[in-house]
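Visitor: Pasting the sequence and the predicted model now:
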Amino acid sequence: MARAPRRTPEPRRGRGASPRATRVRRQAPTVPLRERLAAAVPGVLASLVAVVLVAGVIWLPRVLDHYPIRKVGVDGVTDVRRQQQVQTALAALVRDANYFSAPLEDIYQRAAGLSWVSDVSVRRQWPDTVKLTITEREPVAVWNESVLVSRNGEPFQALKQYDLTGLPRLNGPDQRLEAVMGFYHSMSKLLREVGLGIERMEVNARLTARLTLDNQMQVVVDRENYVGKLRRFTRLYRGVLSSDSRGVARVDLRYADGIAVTWRDQKA
């Protein structure tokens, strides 16, 4: 009878015994120094920016306090009244401003809004000045005792800011300012040829003009061919009227072929 083969008994494992495992340590890859520095740069920069911002918030106001605006300089303004008006208009804008924060655009708008200002430029001047260069409107007449008229015919409110001595006084319908100014310039040019100037001109709705000249002579002329009629008068004035001992008080030019003369001294 054949025998079964004998099994080799397995060795006993002690309590808690476990099969041995072989541990293999993996070495972490080495990161080049350049890459580590590059990775650290954003964080460093962010920290620096934060430090700068905090320092700016703390110290910048103190630094700017050393550069307050102390002066508003104005060039191109010829009268102390207008100089004072500019200073008053801008005082609130520059009171708490410094050299760097001065609101130049607001200053420009405020100065340009003055009725007698034709043009203006604004700039900073180190270390404590805002400088304005202003071009003034040049008045040539007073219109209806309420506004001034500039050389280009524009009305503007500034009676208290100008010396009105020597300015002619023009009166007429409000809507006819352009026509009246046209008459004034044409008539003034013709009268200057004989040394006469216009002190006052009153124009009615039909555009008949009554002039008071600088020698107190009165002249009446209608709009119909007024240039030809004034030329006739200037020829007579140069040749006869200016030398007449009676003195001309008034001339009426509303005639097609002549003039009517009123003398100061009717008995001479």
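Guide: Nice, thanks for sending it over.
Visitor: And Gln266, how far from Ser245?
Guide: Applying CB to CB, to the nearest Å, the value for Gln266 to Ser245 is 12 Å. (Glycine included, C-beta is placed from N, CA and C.)
Visitor: cool, Arg137 as well?
Guide: 44 Å.
Visitor: And whichever strand or helix holds Arg250, what does it pack against?
Guide: According to DSSP states H and E, Arg250 maps onto strand 248-252. Applying 3 or more CB pairs under 8 Å, 6 or more residues apart in numbering; DSSP states H and E, we find strand 248-252 packed against strand 218-221, strand 260-263.
Visitor: Give the other helices and strands that the first one contacts.
Guide: So that's strand 218-221. Contacts defined by 3+ CB pairs under 8 Å, 6+ apart place strand 218-221 against strand 209-213, helix 226-239, strand 248-252.
Visitor: What segments of the stretch 101-250 of the chain are helices?
Guide: 104-112, 177-192, 226-239 (DSSP state H, counting those that start in this stretch).
Visitor: now these as CSV including mean neighbour count, distance to Glu199 and mean pLDDT?
Guide: Below are the helices of the stretch 101-250 of the chain laid out as CSV (neighbours: other CB atoms under 10 Å; distance: least, CB to CB, whole Å; pLDDT from 0 to 100):
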stretch, mean neighbour count, distance to Glu199, mean pLDDT
helix 104-112, 16, 33, 97
helix 177-192, 17, 11, 96
helix 226-239, 16, 16, 96
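Visitor: any weak-confidence spans in this structure?
Guide: Within the chain, the ranges that satisfy pLDDT under 70 run 1-41, 43-66, 267-268.
Visitor: In contact with the residue positioned nearest the centre of it: list those residues for me.
Guide: The centroid of the chain falls nearest to Ala112 when counting by CA atoms, centre = their mean (2.8 Å). Ala112 sits next to 119-120 when contact means CB atoms under 8 Å, 6 or more residues apart in numbering.
Visitor: could I get the helices and strands packed on strand 218-221 as a markdown table with distance to Val74?
Guide: Shown next, in a markdown table, are those (distance: least, CB to CB, whole Å):
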| stretch | distance to Val74 |
| --- | --- |
| strand 209-213 | 37 |
| helix 226-239 | 42 |
| strand 248-252 | 47 |
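Visitor: Mind checking the ones you listed for the one nearest to Leu177?
Guide: Leu177 lies closest to strand 209-213 among those, at 13.9 Å (CB to CB).
Visitor: Buried residues, that closest one. List them.
Guide: 209-213 (16 or more other CB atoms under 10 Å).
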